[in-house]
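S.K.: quick one, what's the 3D model for this:
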Amino acid sequence: MARGFGRSFTDIHQQKSLPQDVAAGLTVAAVALPLNLALAVASGLPPSAGLVAGAIGGLIAGFIGGAPLQVTGPAAALASIVAAIALGFGPAGVALAAVMVGVFQLVLAFTRAGHLMKHVPESVLAGFTTGVGLKLLDQQLPELLGFDYRVSELAMMLHRPDWLHEVEWLAVVSGLFVALLVVGTARFKRFPAAIVGVGLITFVANYVGWDVTRVGEVPSSFPPLQFPAIDSARFGELLVAVLPLAFLAAAESLLAARAVDRMLGKDAVRPHHPSLELFGQGLANVVVGLFSGMPVTGVVVRSGVNVQSGARTKVATVLHALFLGAAVLLMGPLIARVPLAALAGLLCVIGVRLVDVATLVHLFKESKLETLAFVVTCLGTVTGHLMPGLLAGLFIHGVHWFFFERHLVDPAKDPKPALPPGVRAVLGRERAHARHPTTDSTGSAAEWMGHVRSRPLIPPTAFVHPQASVIGQVVLGDNVHIAAGSSVRADEGTPFFIGANSNIQDGVVIHALKQRHVLVAGEKWAIYVGRNVSMAHDALVHGPSYVGDDTFIGFKAVVHDSVLGSGCSVGIGAIVVGVQVPDGRHVPAGAVVDTQARADALPLATDAHRHFNEDVVDVNRGLAAAYRRLVVAGHPPPPLQSASDEPAPWDERWARPSHDRF
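M.R.: Residues are numbered from 1 along each chain as shown. All right, here's what the predicted structure looks like:
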């Protein structure tokens with residue numbers, strides 16, 4: 001945690017993004033202030049409880065926490081539990097609950113329990129963020145239209161236009177102006193569209209005198225520092241009520257942190273540190289409770305605003321909290337004039353961006369059970385039953401894993417497995433397609449000679465070009481094509497396996513380190529390449545490595561000491577070193593993936609990537625068959641010639657039909 005805390009300050013120095021961070025912090029503060037007030041009131045607490053939570057809690061968690069761009073404050077997902085505690089124990093009970101939640105999070109931080117959140121599947125995480133986006137739209141669309149109807153009620157009234165008379169059109173103009181400005185300037189990442197839009201529409205609304213709903217009166221002081229006290233006889237009762245709140249606050253903070261990592265994608269400076277984030281959240285909740293505040297958590301919505309506003313480091317989150325504190329003390333009258341519809345327009349844009357339709361479509365194509373996990377998690381989040389929704393989603397994912405993936409040992413979900421010496425990864429039997437001789441390697445000169453003298457096992461349906469080099473214990477599957485100029489050398493690390501229908505194009509080099517292996521179905525392989533794999537020209541695959549089925553490795557790409565899951569796509573010139581890439585991921589061209597965090601954050605491969613690999617496999621399978629028939633017919637491909645040699649005369653037999661070649 002100490003190293004993670006120190007690296008965050010190194011990032012601040014390296015990014016040199018103070019203008020963007022200042023603008024983002026100001027924008028998030030403008031969005032968070034009315035939300036903090038509204039959530040406090042909705043929970044039956046005084047407005048000061050929400051202000052303390054946003055300002056003091058946001059400052060401590062933003063400064064110490066392990067998710068640099070995550071914004072901390074009161075959360076809608078906690079509101080129902082907080083309201084129940086407020087009803088039963090009063091504001092003092094809520095403040096004590098915040099302290100207890102903080103202590104619980106500190107325990108989780110020091111036991112490293114937060115790292116378990118890395119194992120939350122994509123379906124549950126995407127369902128959570130989509131649910132947050134839909135819930136946000138449900139809350140903010142009525143605010144944008146200027147009336148109190150819920151979206152469900154509005155849907156039932158669409159058949160009659162009377163509801164249009166209740167719309168505050170000036171509110172609609174305010175919100176749409178901000179939304180369109182944010183969307184229209186999205187490609188200009190350094191332009192603070194959100195704060196410019198909110199500022200301009202606030203100026204116009206006040207100058208012209210529009211009759212729109214404003215933020216309203218803002219308190220200008222904080223409660224005194226004191227330890228919250230309740231009737232000691234009810235302490236156990238409060239503890240029971242706080243336990244689900246504590247679990248939910250920790251889960252939402254870490255899920256929100258992962259969601260922020262997903263929003264950033266390849267633009268992420270550094271992925272979040274789970275234990276450090278829980279440590280920061282725990283300290284924030286303890287101090288917030290001592291100031292009579294309400295429990296806080298990392299929040300996807302405000303964090304999304306932070307990301308979309310161009311934040312790059314934790315300076316933005318810290319400034320957001322400082323702006324909130326300063327606004328409470330100094331700018332209450334000005335903030336009170338901001339139209340709520342202007343903030344609603346911004347939040348509607350964020351809500352739409354949180355709805356992850358692409359992942360839902362991908363899951364629907366790959367697994368119906370994972371699709372169900374997505375939908376159930378989303379529904380639980382939308383309806384306010386976040387914890388039941390998450391547990392149900394995880395249960396469905398577990399059912400899918402038990403019946404369909406239990407036989408696989410997925411290295412991407414266990415980045416640091418306990419492995420025997422010299423073993424790079426352990427993979428399930430379903431990923432193995434062949435066996436090999438059990439010759440072991442000791443490194444002696446005699447053994448090296450044995451490696452070199454070993455003859456490859458090449459089935460009749462495979463084709464190795466005469467100008468290709470295949471040396472040592474190499475097992476080829478059916479219809480494998482080894483093109484001219486490629487080098488497959490199992491002379492140091494050995495043995496190799498290349499699965500059916502895979503093709504190794506010109507200039508590819510496949511080699512491996514001695515006595516280093518991937519363990520596939522209980523057997524050691526220095527290089528294991530699955531079915532339908534394409535390695536483009538001049539790629540380098542250096543073992544110990546595993547390449548899953550249906551994977552494409554682009555021109556001049558490098559894969560070393562790594563595991564590529566099935567259905568991956570590695571772009572031109574990309575470098576993958578020392579990691580385990582999950583199934584179905586895309587490594588962008590030129591990317592360097594040298595940490596497991598970067599591998600886990602890779603985007604999903606698209607249908608276009610998969611179709612391209614299928615086309616390449618199909619073409620090279622045809623080429624292998626054509627070359628093989630030439631050899632059988634006694635017409636091997638002509639040898640390579642130097643530029644100084646005379647060109648070989650054109651064989652006239654190719655100009656007329658012949659039945660002796662094919």
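S.K.: average pLDDT across the one helix or strand P91 maps to?
M.R.: With secondary structure defined by DSSP states H and E, P91 is part of helix 76-110. Averaged over helix 76-110, pLDDT sits at 88.
S.K.: which strands or helices does it pack on?
M.R.: Counting contacts by 3 or more CB pairs under 8 Å, 6 or more residues apart in numbering; DSSP states H and E, helix 76-110 is packed against helix 18-42, helix 47-52, helix 235-264, helix 274-290. Bear in mind the C-beta positions are built from the backbone N, C-alpha and C, glycine included.
S.K.: nearest to G88, out of those?
M.R.: helix 235-264 (7.2 Å; CB to CB).
S.K.: how far off helix 274-290 does the closest one point, in degrees?
M.R.: With axes from the mean of the first three to the mean of the last three CA atoms, to 10 degrees defining the directions, helix 235-264 sits at 130 degrees from helix 274-290.
S.K.: ok and helix 235-264 relative to helix 76-110, angle-wise?
M.R.: Taking the same axes, to 10 degrees, one finds helix 235-264 and helix 76-110 inclined to each other by 90 degrees.
S.K.: one step back: can the helices and strands packed on helix 76-110 go into a markdown table with extra columns for mean neighbour count and distance to I201?
M.R.: As requested, those are exported to a markdown table (neighbours: other CB atoms under 10 Å; distance: least, CB to CB, whole Å):
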| stretch | mean neighbour count | distance to I201 |
| --- | --- | --- |
| helix 18-42 | 23 | 12 |
| helix 47-52 | 26 | 24 |
| helix 235-264 | 20 | 25 |
| helix 274-290 | 27 | 32 |
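S.K.: give me the angle between the helix holding P91 and helix 18-42.
M.R.: Inter-element angle recorded for helix 76-110 and helix 18-42: 120 degrees (by the same axes, to 10 degrees).
S.K.: any idea which helix or strand comes after helix 76-110?
M.R.: Downstream of helix 76-110, the first helix or strand assigned by DSSP H and E is helix 122-145.
S.K.: how near is the closest residue to G90 other than its chain neighbours to I56?
M.R.: What sits nearest to G90 in space, not counting adjacent residues and going by CB to CB, 6 or more residues apart in numbering, is I230, at 7.7 Å. Noted for I230: a distance of 21 Å to I56, by CB to CB, to the nearest Å.
S.K.: H400 now?
M.R.: To I56, H400 is 43 Å away according to CB to CB.
S.K.: repeat that for E168.
M.R.: Look at E168 and I56: by CB to CB, they are 35 Å apart.
S.K.: any low-confidence regions in the stretch 351-500 of the chain?
M.R.: Applying pLDDT under 70 to the stretch 351-500 of the chain flags residues 405-453.
S.K.: kindly report the same for the stretch 101-250 of the chain.
M.R.: Scanning the stretch 101-250 of the chain for pLDDT under 70 picks out 114, 117-119, 148-152, 155-156, 158-163, 189-192, 218-219.
S.K.: which residues does the residue nearest to the spatial centre of the chain contact?
M.R.: The residue lying closest to the centre of the chain (CA atoms, centre = their mean) is R262, at 3.4 Å. Counting by CB atoms under 8 Å, 6 or more residues apart in numbering, R262 touches L125, T129, A601.
S.K.: next: H586.
M.R.: Going by CB under 8 Å, 6+ apart, H586 touches C568, S569, G571, L602, P603, L604, A605, T606, H609.
S.K.: could I get the contacting residues of S221?
M.R.: By CB under 8 Å, 6+ apart, the contact set of S221 is S48, V328, L329.
S.K.: what is the neighbour count of the second one?
M.R.: Here the neighbour count serves as a burial measure; for V328 (other CB atoms under 10 Å) it reads 24.
S.K.: now do it against A32, distance only.
M.R.: To A32, V328 is 12 Å away according to CB to CB.
S.K.: which of the contacts of R262 has the most neighbours?
M.R.: T129 (26 neighbours).
S.K.: tell me the contacts of that one?
M.R.: By CB under 8 Å, 6+ apart, T129 lies in contact with A259, R262, V300, L354, D356.
S.K.: what pLDDT is listed against the closest residue to it other than its chain neighbours?
M.R.: Counting by CB to CB, 6+ apart, T129 lies nearest to A259, which is 4.7 Å off, once chain neighbours are set aside. At A259, the predicted lDDT confidence score is 77.
S.K.: pretty sure A259 is touching L125, no?
M.R.: Yes: if you go by CB atoms under 8 Å, A259 and L125 touch, sitting 6.7 Å apart.
S.K.: shared neighbours of the two, anything?
M.R.: Residues touching both A259 and L125 (CB under 8 Å, 6+ apart): none.
S.K.: quick one: H517 and G57, what's the gap?
M.R.: For H517, the distance to G57 (CB to CB) stands at 50 Å.
S.K.: sorry, wrong one. I was asking about L137.
M.R.: For L137, the distance to G57 (CB to CB) stands at 26 Å.
S.K.: comparing those two, which residue is more hemmed in?
M.R.: For L137 and G57, the more surrounded residue by other CB under 10 Å is G57, and the numbers stand at 33 against 21.
S.K.: the more buried one touches A284, doesn't it?
M.R.: Yes: the criterion here is CB under 8 Å, and G57 meets it with A284 at 4.1 Å.
S.K.: joint contacts of those two?
M.R.: Residues touching both G57 and A284 (CB under 8 Å, 6+ apart) are T72, V296.
S.K.: what ranges do the helices span in the stretch 401-550 of the chain?
M.R.: Ranges of helices within the stretch 401-550 of the chain are 445-453, based on DSSP state H, counting those that start in this stretch.
S.K.: A171 contacts G345, correct?
M.R.: No: counting by CB under 8 Å, A171 stays clear of G345, with 9.3 Å between them.
S.K.: who's more crowded, the two?
M.R.: Shown here are A171 and G345; by other CB under 10 Å, G345 has more neighbours (30 against 25).
S.K.: what helix or strand is the more buried one on?
M.R.: helix 340-354.
S.K.: what's the following helix or strand after that helix?
M.R.: helix 357-366.
S.K.: and that next one, how far out from the chain's middle?
M.R.: Remark: helix 357-366 is offset 15 Å from the chain centroid, using CA atoms, centre = their mean, to the nearest Å.
S.K.: now the angle between helix 235-264 and it, please.
M.R.: 90 degrees.
S.K.: who's in contact with helix 357-366?
M.R.: E122, S123, A126, T130, E370, T371, F374, G584, L604.
S.K.: mind redoing it with 7 Å?
M.R.: For helix 357-366, the surrounding residues in contact (CB atoms under 7 Å, 6 or more residues apart in numbering) are E122, S123, A126, E370, T371, F374, L604.
S.K.: so the fifth one sits in a helix?
M.R.: Yes: inclusion of T371 in a helix is indicated when DSSP: H, G, I helix; E, B strand; the rest coil is applied.
S.K.: strands of the stretch 301-450 of the chain, residue ranges please.
M.R.: Remark: strands assigned in the stretch 301-450 of the chain by DSSP state E, counting those that start in this stretch are 423-427.
S.K.: which residues touch A55?
M.R.: Counted by CB under 7 Å, 6+ apart, A55 has contacts A321, L324, G325, V328.
S.K.: and with 8 Å instead?
M.R.: Counting by CB under 8 Å, 6+ apart, A55 touches F222, A321, L322, L324, G325, V328.
S.K.: just to revisit the earlier point, between I230 and I56, which is the more surrounded one?
M.R.: Taking neighbours as other CB under 10 Å, I230 and I56 compare with I56 leading, 22 against 16.
S.K.: these two touch, right, the more buried one and V288?
M.R.: Yes: using CB under 8 Å as the test, I56 is close enough to V288 to be in contact (5.6 Å).
S.K.: rewinding a little: need the residues touching each of A171 and G345.
M.R.: Shared contacts of A171 and G345 (CB under 8 Å, 6+ apart): L144.
S.K.: L125 is in contact with H397, correct?
M.R.: No: with contact defined as CB under 8 Å, H397 and L125 do not form a contacting pair (10.5 Å).
S.K.: residues in contact with both of the two, list them for me.
M.R.: Here H397 and L125 share no contacting residue, scored by CB under 8 Å, 6+ apart.
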